[in-house]
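Q: Fold the following for me, if possible:
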Amino acid sequence: NPMIEFHDSNNEVDTWLLNVHNCRYTAKGSKYASTGARFVNIYNSRGIVLQNNDVAAPGMYTIYGWNGSGVTDKVFINRNRYYGQNFAGAYYDGMNCMTLNAMQYADISNNYFASADVLIDDTHIIDDGDLMNGRSMSIQGLVRKVYISKNTIEASDIPGECAGEQIMSEGPRSSFHDNPSAATENSVTLPNYESQRFAGWGSNYIPAKGTMLYIVGGKGYGQMRLIESISDNVITVNEPWDIIPDETSVVSISIGHYDFVIYKNDIEGSADHSKTGGGGCGIMIYGDVYNFRVVDNNITDVNTGIYLEGHGPALKA
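A: Residues are numbered from 1 along each chain as shown. The predicted structure follows:
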């Protein structure tokens with residue numbers, strides 16, 4: 001666990017060009033289900049191509065870029081086939097076919113995800129002991145510029161659990177919330193930033209270049225910019241304000257998700273989802289996000305088709 005691991009040991013984003021294609025990986029049985037055995041783990045890398053692989057395991061891909069040094073960059077996940085090997089009735093933490101965290105410029109298209117039980121049972125009812133796919137895509141942390149299109153998800157759910165979201169974008173909630181003491185045409189000064197930025201999140205959640213800054217109240221309300229730099233409580237943004245904030249403004253900094261297209265995916269949960277309860281839904285957009293396009297998706301047999309919810313600020317200085 002895993003079969004392939006690809007990363008730089010010094011936690012820098014300087015590991016390049018991994019192409020895993022036309023492979024078959026199998027990890028069946030309870031000893032694998034409880035460990036979440038995966039085919040490929042990737043950390044802090046660029047130029048990742050994962051195509052035409054056939055996987056029967058508790059998980060397929062884990063992609064991380066998170067440790068304060070950056071994101072995994074330029075990722076292509078296409079034409080893979082996955083049969084989930086998690087056991088229904090025994091929830092293990094995660095149960096994700098793909099866990100994607102701190103990633104940018106990604107194309108996830110034309111893949112097939114299913115509970116392995118579909119190979120022997122065409123009812124698409126998930127009973128205790130069946131082999132299932134819990135979540136198809138769990139997308140968390142700082143993720144941006146992602147295209148998710150024409151994937152097929154079949155008979156996938158986690159019955160009886162507050163889980164089972166098939167395409168889940170879960171951005172962290174705001175990591176800082178304050179009133180500026182000054183502003184220019186392309187910056188704000190946040191007097192409490194240096195003393196408060198770790199509160200509730202720890203060192204892994206340091207806002208950095210590419211993090212989102214919102215005006216969520218007061219003068220300039222509704223504006224969003226990307227952070228270019230942070231120095232001595234002065235936050236410089238990527239383009240001038242339309243309306244320059246002042247001390248009445250409320251500024252929120254978030255390591256959220258932005259620039260997503262979720263287009264023409266076929267998503268199916270379990271046929272008896274209404275009896276088993278749980279949190280299964282087709283597309284979940286959770287936390288701080290900006291510029292999402294969810295278009296022409298076909299969603300069936302889930303408790304909620306598209307679920308939208310914000311986290312809210314972690315603190316107010």
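
Q: The most centrally placed residue in the chain pairs with what?
A: Closest residue to the average C-alpha location of the chain: Ile139 at 1.3 Å, with C-alpha atoms, centre = their mean. For Ile139, the beta-bridge partners are Leu100, Ser169 (DSSP bridges).

Q: Can you check what pLDDT the model gives it?
A: Looking at Ile139, its pLDDT is 91.

Q: Ranking helices and strands of this protein by mean pLDDT, which lands last?
A: helix 193-196 (a mean of 68; mean pLDDT, DSSP states H and E).

Q: Let me see the contact set for the nearest residue to Thr304 once chain neighbours are set aside.
A: When the adjacent residues along the chain are set aside, Thr304 lies closest to Cys281, with 4.0 Å between them (C-beta to C-beta, 6 or more residues apart in numbering). Quick note: C-beta positions are derived from backbone N, CA and C, even for glycine. Contacts of Cys281 were listed using C-beta atoms under 8 Å, 6 or more residues apart in numbering, and they are Gly164, Glu165, Gln166, Val302, Asn303, Thr304, Gly305, Ile306, Tyr307.

Q: Show me which of the residues you listed are buried.
A: Neighbour counting with 16 or more other C-beta atoms under 10 Å marks Gly164, Glu165, Gln166, Val302, Asn303, Thr304, Ile306, Tyr307 as buried within the contacts of Cys281.

Q: how much space is there between the fourth one and Gly279?
A: In this structure, Val302 and Gly279 are separated by 10 Å, where distance is defined by C-beta to C-beta, to the nearest Å.

Q: Repeat that for Lys150.
A: 25 Å.

Q: likewise Thr26?
A: Distance from Thr26 to Gly279, by C-beta to C-beta: 29 Å.

Q: same question, Tyr91
A: 11 Å.

Q: Tyr193 now?
A: Tyr193 is 35 Å from Gly279, by C-beta to C-beta.

Q: Please apply the same query to Thr304.
A: 8 Å.

Q: Helices along the stretch 151-300 of the chain, start to end?
A: Per DSSP state H, counting those that start in this stretch, the stretch 151-300 of the chain carries helices over the ranges 193-196, 273-276.

Q: Met224: neighbour count?
A: Residue neighbour count, defined by other C-beta atoms under 10 Å, stands at 17 for Met224.

Q: Contacts only, for it.
A: Taking C-beta under 8 Å, 6+ apart, one finds Met212, Leu213, Tyr214, Ile215, Tyr290 in contact with Met224.

Q: In a helix, Val118, correct?
A: Yes: if the criterion is DSSP: H, G, I helix; E, B strand; the rest coil, then Val118 is within a helix.

Q: give the contact list for Tyr290.
A: Met212, Met224, Gly256, His257, Tyr258, Asp259.

Q: Can you get me a residue count around the last one?
A: So that's Asp259. That count, for Asp259 with other C-beta under 10 Å as the rule, works out to 16.

Q: In terms of helices and strands, where is the nearest residue to it once chain neighbours are set aside?
A: Distance criterion C-beta to C-beta, 6+ apart; nearest residue to Asp259, sequence neighbours excluded, is Lys145 at 4.6 Å. Here Lys145 sits within strand 135-149, counting by DSSP states H and E.

Q: overlap in contacts of Val302 and Gly279?
A: Gly164.

Q: Now do the helix or strand hosting Ile77: everything it contacts.
A: If you go by DSSP H and E, Ile77 is part of strand 72-78. Residues outside strand 72-78 that contact it (C-beta under 8 Å, 6+ apart): 13, 42-52, 61, 63-65, 98, 102-111.
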